[in-house]
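Participant: Show me the folded form of this:
(one chain, ligands or ions: 1)
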Amino acid sequence: MRAVLYGRVSLDRSEGKSVDDQLAECRAWARREGWRIVAEHRDDGISASRYAYGKTRSGWQSTMELITSGKADLLVVWEISRATRDRAVWSALLAPCAERGVKISTGGRVHDPGDPDDGFMLDLGAALAVRESVVTSKRIRRAVASRAAEGLPHGKIPYGYRRVYDPETRKLVRQEPDDTTAPIVREIARRLLAGEATYAVAQDLNARGISAPRGGHWDLVQVKRLAISPTNAGLRSHNGEVVGQACWPALISEADYRALVDKLTDPARRTVRDGSIKHLLVGIAICGVCGAPCRRVKNRNTPSYMCFKGFCVARAQAPMDTYITEIVIARLSRPDALELLASPAEGEVSEAVARLTQLRTRYREFEAEAIAGRLAAASWARIEANLTAQIKAAERQARPRGLPRALTDIAGAPDVRAHWDGLTVPQRREVIRALLTPRVMPTGKGTQRFRPESVEIVWRQG
Ligand SMILES: [Zn+2]
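Facilitator: Got it, this is the predicted structure:
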């Protein structure tokens, strides 16, 4: 019997035996059974699951070549999960083995893939290996995802921050601005926004002897990467998508962060995949089941919002965006939009709103007169300039304090829909965020069509 030995260990090395140990054991079996070893192949630090994207297992490929070319009669592995944790790879192995009568030896036993009973045992072992890999992968992703959704820090400490641990339990208490590096982050943001070249900023930091985030010198890329990190604005991102507010304080405002992203990233080939730049409701819509923010996914090829933490709810993106947009426009088009947004204590604001409504009415009346030719052009020009100034002033006073500028601007706009159409996605998001929270409620099984009643609107005020 010509035997090919294969050993593998994944990167986390949490799977027991080292490759050397696996192969040593396989060699011992071969000696015991009197098999002739024609080749030994190995893959170190490579997962055999389909979650290990983009890594080729060259040892495995060489093994498969020996089997398919009829140069081996037996594959020896320490256990089935060493061979594969992927169903497709498993079928690709079994077919040529059964065809050419190649046996598989694992755990000291020889299996014949051509024999129904042996084949069944092999399939079962492989199915268990696949399941284990899916469970592990899900467990890891869930843990990371839930920390991300809760806005908790994980992974490397971002530049500009430090972490405070409980001296007794050694648990993370908080992530807070670092006295030394936080001012550097702010300085970089300020200088780039003021129009300084990224290169010049890097040069200056180097000249001052300030070391880069991972030590060494600053270069263009490092300055840029730091400037466009959502972390600085107190935003939590996961898999490159901003998923909501983080639990740490911001070093720069969200507006400055957006401005930096706009400035430093070429829209044609953005290096950051910030879902909140393109998608209206990422991190704004929340799951009606567990309360986690929604991210954007492709659900059966349909772009959708899906609960970030689990898979509680999902809703098609396009109808959901349209629905929320229409609600916002309808709400802000009401003549009392600003008044409703203002808190009752803000008496001045309601007064200013009343004055604004009056001024706008007068403007339209004069305008109608001018159009009808009952008002001299020169007089209209004077009246128009005067009224416009008064309207502008009233608009400023009519802005309820404590509300984002983006919201008060659109609420006071003469044509809300036109104003909305002129806004960027981040600006629209700011308006929505200040106004309402869509809660994506679960629907029954098999519901395909978007139903507005499946999204609950939680108003912020008014
Ligand atoms: Zn959920």
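
Participant: ok, and for stretch 110-128, which residues are buried?
Facilitator: 111, 112, 113, 118, 119, 122, 123, 125, 126 (16 or more other C-beta atoms under 10 Å). Just so you know, the C-beta spots here come from the backbone N, C-alpha and C atoms, and that holds for glycine as well.

Participant: among those, which two are most distant?
Facilitator: For the buried residues of stretch 110-128, the maximum inter-member distance is 15.1 Å, found between 112 and 126 (C-beta to C-beta).

Participant: I'd like to know how far residue 73 sits from residue 61.
Facilitator: According to C-beta to C-beta, to the nearest Å, residue 73 and residue 61 sit 19 Å apart.

Participant: And the residue nearest to residue 438 when sequence neighbours are not counted, how far from residue 436?
Facilitator: Among residues not flanking residue 438 along the chain, residue 285 sits closest, at 4.4 Å (C-beta to C-beta, 6 or more residues apart in numbering). The gap separating residue 285 from residue 436 is 10 Å, by C-beta to C-beta.

Participant: For the one helix or strand residue 99 maps to, C-alpha coordinates in CSV please.
Facilitator: Assigned by DSSP states H and E, residue 99 falls within helix 87-100. C-alpha atoms of helix 87-100 as CSV (Å, rounded to 0.1, in the frame of the first residue of the first chain):
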residue,chain,number,x,y,z
ARG,A,87,-18.3,19.9,2.7
ALA,A,88,-17.2,20.8,-0.8
VAL,A,89,-13.6,19.8,-0.1
TRP,A,90,-14.8,16.6,1.5
SER,A,91,-16.9,15.6,-1.6
ALA,A,92,-14.0,16.5,-3.8
LEU,A,93,-11.9,14.0,-1.8
LEU,A,94,-14.4,11.2,-1.5
ALA,A,95,-15.3,10.9,-5.2
PRO,A,96,-11.8,10.1,-6.5
CYS,A,97,-11.1,7.9,-3.5
ALA,A,98,-14.2,5.8,-4.2
GLU,A,99,-13.4,5.8,-7.9
ARG,A,100,-9.8,4.7,-7.6
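
Participant: in it, what counts as buried?
Facilitator: Neighbour count says helix 87-100 has 89, 90, 93, 94, 97 buried, by 16+ other C-beta under 10 Å.

Participant: Residues of the chain that sit close to the ion?
Facilitator: Counting by C-beta under 5 Å from the ion, the chain comes close to the ion at 287, 289, 290, 292, 307, 310, 312.

Participant: Model confidence for the fifth one, exactly?
Facilitator: Model confidence at residue 307, given as pLDDT, is 87.

Participant: Contact partners for it?
Facilitator: Contact analysis of residue 307 by C-beta atoms under 8 Å, 6 or more residues apart in numbering lists 287, 289, 290, 292, 294, 313, 314, 440.

Participant: Please, where are all the helices along the stretch 1-150 of the chain?
Facilitator: Remark: helices assigned in the stretch 1-150 of the chain by DSSP state H, counting those that start in this stretch are 19-33, 58-68, 80-83, 87-100, 116-149.

Participant: If you average pLDDT over each of the ones you listed, which is lowest?
Facilitator: The minimum mean pLDDT among these belongs to helix 116-149 (a mean of 66).

Participant: so what pLDDT did residue 208 get?
Facilitator: 91.

Participant: Would you quantify the distance from it to residue 291?
Facilitator: Taken as C-beta to C-beta, the span from residue 208 to residue 291 is 45 Å.

Participant: same question, residue 23
Facilitator: Residue 23 sits 50 Å away from residue 291, taking C-beta to C-beta as the criterion.

Participant: Which one's more surrounded, those two?
Facilitator: Between residue 23 and residue 291, counted using other C-beta atoms under 10 Å, the more crowded position is residue 23 (22 against 12).

Participant: Leaving aside the residues adjacent along the chain, what's closest to that one?
Facilitator: Leaving aside its chain neighbours, residue 23 sits nearest to residue 7 (4.4 Å; criterion: C-beta to C-beta, 6+ apart).

Participant: What count of nearby residues applies to the one you found?
Facilitator: 24.
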